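Undergrad: Here's my sequence, what's the structure:
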Amino acid sequence: MEFTIKQSVLKEELGYLQGVVERKSTIPVLSNILIESLGENSIRMVGTDLDVTVRCNAEAEIKQPGSICVQARKLFDIVRTLDGGDVHFKKDENEWVRMKTGRANIRLAGVNREQYPEIPIFKSAPMKLSAETFSYFIQNTAFAITNEQSRFTLSGAKFVMADGVARMVTTDGHRLAFVERAIAGDDKLDVLIPKKALLELVKLTRGVEGDVQFGEDQNHIYFETDGRLLISRKLTGNFPNYEMVMPKDNDKKVVFDLADMKSAVRRIALMADDRNRSIRVVVREGEVEVKASSSEEGEGQEVVPSDYSGEEVILGFNHLYLQEFLNNISVFENIADTSDEEARGSSDGTNAAAAPAKESAVPTRISFEFKDSNSATQMRIEGNASYDYKYIVMPLRI
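TA: Below you'll find the predicted structure:
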């Protein structure tokens, strides 16, 4: 195989593949990517860990058709150091790959195409949903997915489409994130999507305007957008009955400014005990007091103005659960406040991958809905008409 491709194009597409390629795999070939020619003017690049696969197409000048299979991380590290221009690839008979750009000449060890696993084939992706909606769903729920590998059915998100709504739910047994939005059409789908696939889908939808097309077969779900394809195995098993967890009799509600609470929790959490990570939220008329203490390091408290009238209630939380909620929605509610076109153009990844969102002109208001100190607290975004978003946290006894 021999081809030439622009450095900027190659760098962008390789970036999408890095998240799925295994760096330290028991199957060495999975640390490689497959590059194949498509006709005379394009190539196809594939990376997989056997559970999640990403496939990208890119324009290239094909001199000799064929395929190469090279180490993914090494190739990406080299390509992103290049200044630009064209990059020329040529495969030798012994599977080694010659790479030439500018004054640089590099030889990379390759493996035989036959060793690379076969990629699942799909016929069509009949359903569609806007990229902005997928991005919002994932970014507001993925942080609540469990990191315990033994809890297999909780290691992803339940994604449902039925009766004119799309819904995504995640939980780790201590908290639950739920988001729902009305959609057009009567498509039906009920799947469990692994967390890794969700995070890779956020990358693929970043900056994409328009829709993501998707479909499923018995074992896989497929997402396609902008010439890129993500294939993921579906999780098996029964997701918990989340509707039983969602509180229905929370008769008390306190509303406050997101930025005020976020800053207060960030500061006071530094004084929380490292073992139980507990933080107290004392709700009283006109204010919320955030408190934490450690027998070894000291204590702290801060007051946040609020809208509340009623008896004083003390709520206990794991401060990490509270911070993850406040940190995530501080980005994504601002996205939802923009126009539809602006929102789709600025959809971005979550956590470390998230870029600063466009600031809303009106400060974001958050509500905590609760019954008493021993019941689950439901957290919501005030005035969010586009999405029905709820975050439920089980009480921490303090």
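Undergrad: Ranking helices and strands of this structure by mean pLDDT, which lands last?
TA: helix 340-346 (a mean of 36; mean pLDDT, DSSP states H and E).
Undergrad: Which strands and helices lie in contact with the helix or strand following that one?
TA: Next in sequence after helix 340-346, counting helices and strands by DSSP states H and E, comes strand 365-370. Helices and strands touching strand 365-370, by 3 or more Cβ pairs under 8 Å, 6 or more residues apart in numbering; DSSP states H and E, are strand 252-257, helix 258-268, strand 278-284, strand 313-318, strand 377-381. C-beta coordinates here come from the backbone N, C-alpha and C atoms, glycine included.
Undergrad: Can I get the ones you listed in TSV including mean neighbour count?
TA: Converted to TSV, the helices and strands packed on strand 365-370 look like this (neighbours: other Cβ atoms under 10 Å):
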stretch	mean neighbour count
strand 252-257	18
helix 258-268	18
strand 278-284	21
strand 313-318	20
strand 377-381	22
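Undergrad: Same list (the ones you listed) but as CSV, adding mean pLDDT and distance to T101.
TA: Below are the helices and strands packed on strand 365-370 laid out as CSV (pLDDT from 0 to 100; distance: least, Cβ to Cβ, whole Å):
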stretch, mean pLDDT, distance to T101
strand 252-257, 96, 52
helix 258-268, 96, 45
strand 278-284, 96, 53
strand 313-318, 96, 51
strand 377-381, 95, 48
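Undergrad: Indicate which one of the ones you listed is closest to D211.
TA: Taking Cβ to Cβ, strand 377-381 is the member of the helices and strands packed on strand 365-370 nearest to D211, at 24.6 Å.
Undergrad: Put the alpha carbons of that closest one into PDB.
TA: The C-alpha coordinates for strand 377-381 follow below in PDB (Å, rounded to 0.1, in the frame of the first residue of the first chain):
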ATOM      1  CA  THR A 377     -32.800  14.600  47.700                       C
ATOM      2  CA  GLN A 378     -33.800  15.400  44.100                       C
ATOM      3  CA  MET A 379     -31.800  18.200  42.400                       C
ATOM      4  CA  ARG A 380     -33.000  20.000  39.400                       C
ATOM      5  CA  ILE A 381     -32.300  23.000  37.100                       C
END
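Undergrad: returning to what we had before: any chance of the helices and strands packed on strand 365-370 in TSV, plus distance to S124?
TA: Converted to TSV, the helices and strands packed on strand 365-370 look like this (distance: least, Cβ to Cβ, whole Å):
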stretch	distance to S124
strand 252-257	46
helix 258-268	42
strand 278-284	49
strand 313-318	44
strand 377-381	36
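Undergrad: Just tell me which of these ends up closest to K158.
TA: Closest among the helices and strands packed on strand 365-370, once you apply Cβ to Cβ, is strand 377-381, at 18.3 Å.
Undergrad: can you list contacts of the next helix or strand after that closest one?
TA: For strand 377-381, the following helix or strand on the C-terminal side (DSSP H and E) is strand 388-393. With contact meaning Cβ atoms under 8 Å, 6 or more residues apart in numbering, strand 388-393 is reached by 140, 144, 174-181, 245-247, 317-318, 321-322, 325, 329, 376-381.
Undergrad: Quote the end-to-end distance of stretch 231-241.
TA: Counting by Cα to Cα, to the nearest Å, you get 27 Å between the two ends of stretch 231-241.
Undergrad: what about that stretch, average pLDDT?
TA: In this model, stretch 231-241 has a mean pLDDT of 94.
Undergrad: Tell me which residues of that stretch come out buried.
TA: By neighbour count on 16 or more other Cβ atoms under 10 Å, the buried set for stretch 231-241 is 231-235, 239.
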